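Asker: Predicted model and sequence follow; I will ask about them next.
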Amino acid sequence: MAIVEAAFVDAGVVTNRTKFDDADPLPAGWIVCPPEVAIGWIDNGDGSFSPPPSNVPDPLSQQEIRDELLRLLVHDFGDGRVIQCRPTPFFGDESNMRNAIEIMNRKAQSSRSWFDVNNTKVTVTIADLQAVIISGQDQADTIWTNYHDGLL
């Protein structure tokens, strides 16, 4: 007398697993299966089974992680204003801030409106924009260093 592995299949999917004595006929709905078959596996209809399709996305590459981190760069002033500070080659935030600083200096403006990360108008000064540029550069430098060192 031997033991057989069996799976209960409903609509082509294994919904239960157990072992039976091979001397007895399997109950209705049960079929012999290899020991690795688990609940959720697919009955291929030809005596073979396949693992369920994975809903887990493939892991991001180091480059994709780096780019996503760069895309999410913001500077938080701590007063409710949070401004994007993504590197210029990718998004242009730094370039836009440098242009705004130049205009403000030329027109002797002490402040101007800016859109924050939530697309809400906030007021910024030249010093604010300079702080955002520095923050973005420093954060991007850390991301690039970690990418080069394989730490992402």
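Answerer: Sure, I can see it. Residues are numbered from 1 along each chain as shown.
Asker: mind checking pLDDT for the most centrally placed residue in the chain?
Answerer: Ranked by distance to the mean C-alpha position of the chain (Cα atoms, centre = their mean), the top residue is Leu60 at 7.5 Å. Note on Leu60: pLDDT of 84.
Asker: How about the contacts made by it?
Answerer: Glu68 (Cβ atoms under 8 Å, 6 or more residues apart in numbering). From N, CA and C alone the C-beta is placed, and that goes for glycine too.
Asker: now do the one 5 residues further on
Answerer: With Cβ under 8 Å, 6+ apart as the criterion, the residues that contact Ile65 are Tyr147, Leu152.
Asker: How far off centre is the strand or helix carrying it?
Answerer: Using DSSP states H and E, the element containing Ile65 is helix 62-71. In terms of Cα atoms, centre = their mean, to the nearest Å, the centre of helix 62-71 is found 10 Å from the chain centre.
Asker: can you state the direction angle for the longest helix seen in the chain and helix 62-71?
Answerer: As assigned by DSSP state H, the longest helix anywhere in the chain is helix 126-148. Here helix 126-148 points in a direction 170 degrees away from that of helix 62-71 (axes from the mean of the first three to the mean of the last three Cα atoms, to 10 degrees).
Asker: What are the contacting residues of helix 126-148?
Answerer: With Cβ under 8 Å, 6+ apart as the criterion, helix 126-148 contacts 62-63, 65-66, 69-70, 73, 75, 77, 81, 83, 85-87, 93-94, 97-98, 100-101, 104-105, 110, 114, 124, 152.
Asker: Return the set of buried residues in it.
Answerer: Buried residues in helix 126-148, counted by 16 or more other Cβ atoms under 10 Å: Ile126, Asp128, Leu129, Ala131, Val132, Ile133, Ser135, Gly136, Gln139, Ala140, Ile143, Tyr147.
Asker: Tell me which stretches of the chain form strands.
Answerer: Using DSSP state E, the strands found in the chain span residues 3-10, 13-21, 30-32, 42-43, 49-50, 74-76, 82-84, 112-115, 121-124.
Asker: Now do Met1, the pLDDT please.
Answerer: pLDDT for Met1: 67.
Asker: Same question for Gly29.
Answerer: pLDDT recorded at Gly29 is 86.
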